[in-house]
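Participant: any chance you can model this:
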Amino acid sequence: MLNSAGRPQLAVYLLIVSVKQTAVHESHSIMLRCCRAAQLWPCFAGLLHNWGVGLYELGTQAAAASDLATAESALAEATTRLEASIGFSRADVAPMNALGDVWLARAEQSADVQSAAAAAGAALQAGYRAALRVLATDSDALIGTAEAHTLLARLASQTGDRASSAGHFQQSDAAYRAALQRPTTLGSLDDRCNVRYNYACVCAALGKFEEARSLLQSLLAIGGTSREDLSADQDLSPLRTLPWFSKLVQK
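Facilitator: Numbers count the residues shown, from 1 in each chain. Just a heads-up that it's a prediction; the model follows:
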């Protein structure tokens, strides 16, 4: 019988041999059997998760460099790895949130409105909502939900569907408010500022001008944004005719 130290080496060896000798579409099933035999379920789930996150980072970096072919390929592969990771452990929200992030990145990079909306919907259904079913207060899932609904709202606006756009903005608003109830879970100061700024943009879209004002004033006070950013951001255009906003960006 192998001890715990020997199991990883055996599993890795079996995986290498299996993948070399088997068609790609069959390799996942073999990996499952190897990990079950070696009792490496948690390790392999983590490996797939890390693999998927690495591919996600590669894809977003490629997109930033306008290498769209590499971005599309890396994000598609990331989707596959993260879906496999979730299959190993359906109680871990991390790969679910990561899958949501990947689908959201794919939505943002799509030039077609329908394709982008479908990808944003997948980010919600397969990613963030799945995570919230496991842990309803998970901050990453709440923020991801808010961002996905914001994107869906903007896509609906592009097609002239004002009712759908407003509905998505309202769902984004609800998710942001839920996340902001636990500010200490939102990450660094920069992360918290970004969440509040994005929520201010949603408030502006919904006509919640006083909420937007309070958020933006507090962000300026702590250096979480700049007057130049406020002046240039088109998401804040509903505020531009308001006297308080003009004063805010001119101080």
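Participant: just the element for the residue nearest to residue 225 when sequence neighbours are not counted, please.
Facilitator: In space, and not counting its chain neighbours, residue 225 is closest to residue 219: 4.5 Å by C-beta to C-beta, 6 or more residues apart in numbering. Bear in mind the C-beta positions are built from the backbone N, C-alpha and C, glycine included. Counting by DSSP states H and E, the element that carries residue 219 is helix 209-221.
Participant: next: residue 224.
Facilitator: Applying DSSP H and E, one finds residue 224 in no helix or strand.
Participant: what's the neighbour count on the closest residue to it other than its chain neighbours?
Facilitator: Nearest non-adjacent residue to residue 224, counting by C-beta to C-beta, 6+ apart: residue 193, 3.3 Å away. Around residue 193 there are 18 other residues, counting by other C-beta atoms under 10 Å.
Participant: do the same with the one 10 residues further on
Facilitator: Applying other C-beta under 10 Å, we find 25 residues neighbouring residue 203.
Participant: pLDDT wise, what is the residue nearest to residue 225 at?
Facilitator: pLDDT recorded at residue 219 is 96.
Participant: that one contacts residue 194, doesn't it?
Facilitator: No - at 9.7 Å, residue 219 and residue 194 do not qualify as touching, with contact defined as C-beta atoms under 8 Å.
Participant: the more surrounded of these two?
Facilitator: Shown here are residue 219 and residue 194; by other C-beta under 10 Å, residue 219 has more neighbours (20 against 17).
Participant: can you tell me how far the more buried one is from residue 195?
Facilitator: For residue 219, the distance to residue 195 equals 11 Å [C-beta to C-beta, to the nearest Å].
Participant: go on, residue 175?
Facilitator: For residue 175 relative to residue 195 (C-beta to C-beta), the value is 10 Å.
Participant: quick check: neighbours shared by these two?
Facilitator: residue 143 (C-beta atoms under 8 Å, 6 or more residues apart in numbering).
Participant: okay, now the unreliable bits of this structure?
Facilitator: Along the chain, the model assigns pLDDT under 70 to residues 1-43, 251.
Participant: in what helix or strand does the residue most central in space within it lie?
Facilitator: By C-alpha atoms, centre = their mean, the chain has its centre lying nearest to residue 101, at 2.6 Å. Taking DSSP H and E as the criterion, residue 101 maps to helix 93-109.
Participant: look up the closest residue to residue 230, ignoring the ones flanking it.
Facilitator: Closest residue to residue 230 apart from its sequence neighbours, by C-beta to C-beta, 6+ apart: residue 249 at 5.0 Å.
Participant: the residue nearest to the centre of the chain reaches residue 141, doesn't it?
Facilitator: No - using C-beta under 8 Å, residue 101 makes no contact with residue 141, being 10.5 Å away.
Participant: quick check: neighbours shared by those two?
Facilitator: If you check residue 101 and residue 141 against C-beta under 8 Å, 6+ apart, the residues they both contact are residue 127.
Participant: how close does residue 138 sit to residue 121?
Facilitator: 19 Å.
Participant: how about the helices of the protein, start to end?
Facilitator: Using DSSP state H, the helices of the chain run over 6-21, 24-38, 41-64, 68-88, 93-109, 113-122, 129-134, 139-158, 162-180, 189-206, 209-221, 227-232, 243-250.
Participant: burial of the nearest residue to residue 73 once chain neighbours are set aside, as a residue count?
Facilitator: The shortest distance from residue 73 to any non-neighbouring residue, by C-beta to C-beta, 6+ apart, is to residue 59 (7.8 Å). Applying other C-beta under 10 Å, we find 26 residues neighbouring residue 59.
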